[in-house]
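Predicted model follows, preceded by the sequence.
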Amino acid sequence: MTPNVAVVVFPGSNCEQDVVYALRREGADADYAWHGDDNLGGADAVVLPGGFAHGDYLRTGAIARFSPVMGPVADLARRGAPVLGICNGFQVLAEAGLVPGALRRNEGLRFLCIWTDLIVSDIDTIATRACQPGQTLRIPINHYEGNYTPPEGVVPRVVFRYHDNPNGAWRDAAGVANDNGNVVGMMPHPERASESWLGSEDGRLVLASLVESCNLAALA
Amino acid sequence: MTPVKEVPTPGDTTPLYAALGLTTDEYERIQKVIGREPTHTELAMFSVMWSEHCSYKSSRIHLRELPTEAPWVVLGPGEGAGVVQVAPGVRVAFKMESHNHPSAVEPFQGAATGVGGIVRDILSLGARPIAVLDPLRFGPLTDERNRYLFDGVVRGIAAYGNSLGLPTVGGEAVFDPAYSGNPLVNAMCVGLLEDDELLRAAPSSAGDIAVLIGSKTGRDGIGGASILASQEFEEGSEAKRPSVQVGDPFTEKLLVEACLELKRDGLLTGMQDLGAAGITCALSETAAAAGLGVDGNLDAVPLREGDMEPWEICMSESQERMLACVGTDRIERAIEVCAKWGLDAVEVARYAEGGRLVLRGRGQLLGDVPAQALADGPLYERPVVTADRSQLHALDPLELAWPSPEEILMRLLASPSIASKAWVWRQYDHMVRLNSLVVPGADAAVLRLPESRRGEAGQPGITLSADGPGRIGALDPYVAGALAVSESARNVACMGARPLAITNCLNFGSPEKPEVMGDFAAAVRGMADACRAFGIPVTGGNVSFFNESPQGSVHPTAIVGMLGVLDDVYAHRPAVAREGDAIVLLGHTRPELGGSEALAVVHDTIAGRAPALDLDADVALVRLLATPGLGGHAHDLSEGGLAVALAEMCVRAECGARVPLDGQELWALFGESTARALITCTSDDVDAVLDAAVHLGVPAQPIGRLTGRRLDVDRALQVPVDDLRDVYENAIPALMER
């Protein structure tokens, strides 16, 4: 079957078209969902894409977590369905408490749009199912606030680690998951590494993992 | 109506028109046009519309020399941006503009709103903005104020462009004492017309409604065009900070999406951005373009501050606003679309027969003037004098004492104008939208167009560059104007593309100085001659005068934004050379070092004669480089000459080069003769490259091979590539991150 993936558009999102394009290339039936909607139309999975939701005013993700669509997103997450937050989407998931921790400003206090090498450190998640343990993925980052910091006393599941930490993130964490592994937030942009023309195809493994996870969830 | 009698500040005897930047002659002309004393509001409108920035009153007479026509031009100069047909069914809009003065006063907001303004120019045609490029000029980074300006401008561009989801794919950063105190911040935007429909900045008929969409109108940016952009800087320019607008990229992003949705749904008859001169400009120009008048109600304008005077509303340059022309039967649906995006959209005027711009508010008639008169600013034929540069030209750089070639090369690579700009462009999102096949750091950016995403061969694409000479402008503005075109043509050709059209940004000092006007006229002539040689049109652009600081005028600086086309975007030339490949030098090298970067870096001087211009040679070289399938990587020879081009090639390829050139002279290594490039190819292909060069009359000489770990030029340079890279990549971070 073709999994149905909802890509949420907040006012200020700007990677939604790229994510939909890349997901469709992985065989998903991906389409947009408006932030003001209170349902996701029966989607099997949801992706919160990158951008500057609500202008990132106040604090990244701080307003977006109150968008009506976040209710059904949380419902999907509770039901064990795949939920992936990329960059700003990760920041929104963290603000909404769907993954632990927070994203602070980069250590160097500059916006960074650069390629990074990621080490897959947990393959039992919806974003890494198709990867090998310890595999290196070349995927770019594009953010000012990606310095991951866990809540006090919590040791979260780290899904990806930076080979060369670009932003001061705790234990080189580039992506983390909830306890169940079905909600993943990651700062790097897999959709930007989904074609050889763009410099790498490694991001396809992340998106393919998401699509594969929908099929597994449907079988279960 | 009440004519103006009051003066702006008690105790100040300056007439109001003068405080608004109008001359006595212009004031008298306004009285003649409207047949009476202008009201306060009318005077404010004329002052912005007739400012240098809006009316091009000093430059128009010269700009007529630029060729503007070609079979592929869909829309030439005069509206929001130029539009060209790049392939069947694919139209691209592009334009460049300056935001020099606001950036000198407040670098972050000045640069941010510069991006915002040019994006709205592209949007006004109904095109989706797809890329931004930013040519920048500052004083030396050893000075703290210049570092502050550079840092603020880069952060401002990043904050705005990144939020919009627009990749910043190119530009330049050049440093020279002439730009201390008056940096140049030019911004170019490129847009794609997603269907055949091109919106014009005019209503379709009387009765159409003018809808103001976007941000509320505030006191920010009042008189930006007339006070900031059209006057020189003096001590105490910080007092002009309230004239700098404040950007809100989030609202701009909503505005882009809302306007494109309005167009997609067929709800618009026309559209114009609000930039310089705000509502006044948008209402008068759209009405005049349709041969109509317009009846406006200032009470309807949503205000940020309730107590704004009518003249302030007319002049405000508040950002993130668009004026849409809408038929009465579609107004409700148009407002609904804007509401979905959370934007104000209100009817502020109705177009009418008769040609009068009428403004009402507070129950009063505030102004009633011919719309066309506002749009038709004065035209000046200012005195033109050719500056005497004989003393500069008298110096022969070859007679000076020079350090070793290795020392010169390392000092050049450490010079911020030549050093890697990765520190700049990694702060910009240059990847979003997934079209950037070649990103900043190469000779030109390569973008596939969304239609060509599938990765099939034979899909068209575009290449973009935005830069221009500066030092050469100080020696010979005519040559600089021509080189701005030919260098950018070479840049896009180095990616395998054909040059198609240009936009320009002409940055000069005060037009009231005859020498500045002489430089300006010469640069425009040079640009026109080069465009004719290449057979490419100028489809739009911008003139920025009054780039003066207490130290004097900036160098005559002609910047060109070049659009090139690739018939098969995936067949672009690679951005990096391959180990093992042969290196062929194309073009003729003359014994010249005048105006070179080497002379500036080593001897701290700009002197000698500008490099000889040979446009025929340039045209032939560009044709050679744009030949599909010929050779591999190519790299332009410009600042720093052959030695710097080789070093850059090695650093990017992470590989050395063995160059057994005989009889090395400094001019052969560091001279900046025009119409030259390097091309690499496999050993088997050398003959094919040489044959093609002979066929087009381009001198070509195999000079070496990419191999080993050192750049090795006989009897001149033996430097490990690691050392080249360390200096090249660390120069700017070392100055900026200390």
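Received the coordinates, thanks.

Show me the shaky parts of chain A.
A:218-220 (pLDDT under 70).

how about the strands of chain A, start to end?
With DSSP state E, the ranges of strands along chain A come out as A:4-9, A:29-34, A:45-48, A:83-86, A:102-104, A:112-120, A:136-143, A:147-149, A:157-162, A:173-177, A:183-186.

helices or strands up against the fifth one?
So that's strand A:102-104. helix A:88-95, strand A:147-149 (3 or more Cβ pairs under 8 Å, 6 or more residues apart in numbering or on different chains; DSSP states H and E). In short, each C-beta sits where N, CA and C put it, glycine included.

Strand partners (parallel or antiparallel) of it?
Using DSSP bridges, the neighbouring strands of strand A:102-104 in the sheet come out as strand A:147-149 (antiparallel).

cool, the longest one as well?
According to DSSP bridges, strand A:112-120 has the following sheet partners: strand A:136-143 (antiparallel), strand A:157-162 (antiparallel).

The first one too?
Strands that pair with strand A:4-9, judged by DSSP bridges, come out as strand A:29-34 (parallel), strand A:45-48 (parallel).

deepest of the ones you listed, which one?
Neighbour counts (mean count of other Cβ atoms under 10 Å in any protein chain shown) averaged over each of the strands paired with strand A:4-9 peak at strand A:45-48, with a mean of 29.

And for B:Thr680, the neighbour number?
27 (other Cβ atoms under 10 Å in any protein chain shown).

That one looks like it's in a helix, true?
No: counting by DSSP: H, G, I helix; E, B strand; the rest coil, B:Thr680 is not part of a helix but strand.

residues contacting the closest residue to A:Val206 other than its chain neighbours?
In space, and not counting its chain neighbours, A:Val206 is closest to A:Pro190: 3.9 Å by Cβ to Cβ, 6 or more residues apart in numbering or on different chains. A:Pro190 makes contacts with A:Ala22, A:Ile86, A:Ile139, A:Asp202, A:Gly203, A:Arg204, A:Leu205, A:Val206, A:Leu207, as judged by Cβ atoms under 8 Å, 6 or more residues apart in numbering or on different chains.

By proximity to chain B, which residue of chain A wins?
With Cβ to the nearest Cβ, the shortest gap between chain A and chain B falls at A:Asn14, namely 2.5 Å.

surely that residue meets A:Asp56?
No: judged on Cβ atoms under 8 Å, A:Asn14 makes no contact with A:Asp56 at a distance of 11.2 Å.

more crowded one of those two?
Neighbours per residue, other Cβ under 10 Å: of A:Asn14 and A:Asp56, the larger number sits with A:Asn14, 24 against 21.

Give me the distance between the closest residue to that one other than its chain neighbours and B:Gly152.
Nearest non-adjacent residue to A:Asn14, counting by Cβ to Cβ, 6+ apart: B:Gly165, 2.5 Å away. Counting by Cβ to Cβ, to the nearest Å, the gap between B:Gly165 and B:Gly152 amounts to 22 Å.

Neighbour count: the two, which is higher?
Taking other Cβ under 10 Å, B:Gly165 and B:Gly152 do not tie; B:Gly165 has more neighbours (24 against 19).

Contact partners for B:Ile313?
B:Thr217, B:Ile279, B:Leu298, B:Val301, B:Leu303, B:Gly361.

The residue in the stretch 501-650 of chain B that chain A sits nearest to: what's it in contact with?
Nearest residue of the stretch 501-650 of chain B to chain A: B:Tyr570, at 6.8 Å (Cβ to the nearest Cβ). By Cβ under 8 Å, 6+ apart, B:Tyr570 lies in contact with A:Trp197, B:Leu437, B:Arg448, B:Gly455, B:Ala457, B:Gln459, B:Gly461.

what's the longest helix seen in chain A in contact with?
For chain A, the helix with the greatest residue count under DSSP state H is helix A:203-219. Applying Cβ under 8 Å, 6+ apart, the contact partners of helix A:203-219 are A:1, A:3-5, A:22-23, A:25-28, A:44-45, A:47, A:80-82, A:84, A:125-131, A:135, A:137, A:139, A:182, A:186, A:188-194.

As TSV, the strands paired with strand A:112-120 with mean neighbour count would be great.
Output for these, formatted as TSV (neighbours: other Cβ atoms under 10 Å in any protein chain shown):
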stretch	mean neighbour count
strand A:136-143	21
strand A:157-162	22
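
Of these, which is nearest B:Val244?
Nearest to B:Val244, of all the strands paired with strand A:112-120, is strand A:136-143, at 27.5 Å by Cβ to Cβ.

Need the nearest residue in space to B:Pro574, chain neighbours excluded.
Per Cβ to Cβ, 6+ apart, closest to B:Pro574 is B:His633, 5.0 Å.

same deal with B:Asp714?
Nearest non-adjacent residue to B:Asp714 (Cβ to Cβ, 6+ apart): B:Pro660, at 5.3 Å.

Get me the contact residues on chain A for chain B.
A:11-12, A:14-15, A:17-18, A:21-22, A:50-52, A:54-57, A:108, A:110-114, A:140, A:142, A:189, A:191-192, A:194-195, A:197-198 (Cβ under 8 Å from any Cβ of the partner chain).

Any quick ChimeraX command for the buried ones out of these?
To isolate the buried members of the residues of chain A next to chain B in ChimeraX, using 16 or more other Cβ atoms under 10 Å in any protein chain shown:
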select /A:11,12,14,15,17,18,21,22,50,51,52,54,55,56,110,111,112,113,140,142,189,191,192,194,195,197,198
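
Could you give the average pLDDT over whatever helix or strand B:Pro733 lives in?
Using DSSP states H and E, B:Pro733 sits within helix B:721-736. Averaged across helix B:721-736, the pLDDT comes to 98.

what's next to that helix, contact-wise?
B:141-142, B:147, B:150-151, B:410, B:413-416, B:418-424, B:647-648, B:650-651, B:654-656, B:709-711.

buried sites along it?
Judged by neighbour count (16+ other Cβ under 10 Å), helix B:721-736 contains these buried residues: B:Val721, B:Leu724, B:Arg725, B:Val727, B:Tyr728, B:Glu729, B:Asn730, B:Ala731, B:Ile732, B:Leu735, B:Met736.

So B:Pro203 belongs to a helix, correct?
No: assignment of B:Pro203 by three-state DSSP gives coil, placing it outside any helix.

so who does it touch?
The contact partners of B:Pro203, taken as Cβ under 8 Å, 6+ apart, are B:Ala210, B:Thr269, B:Gly270, B:Thr286, B:Ala287, B:Ala290, B:Leu292, B:Cys325, B:Tyr351.
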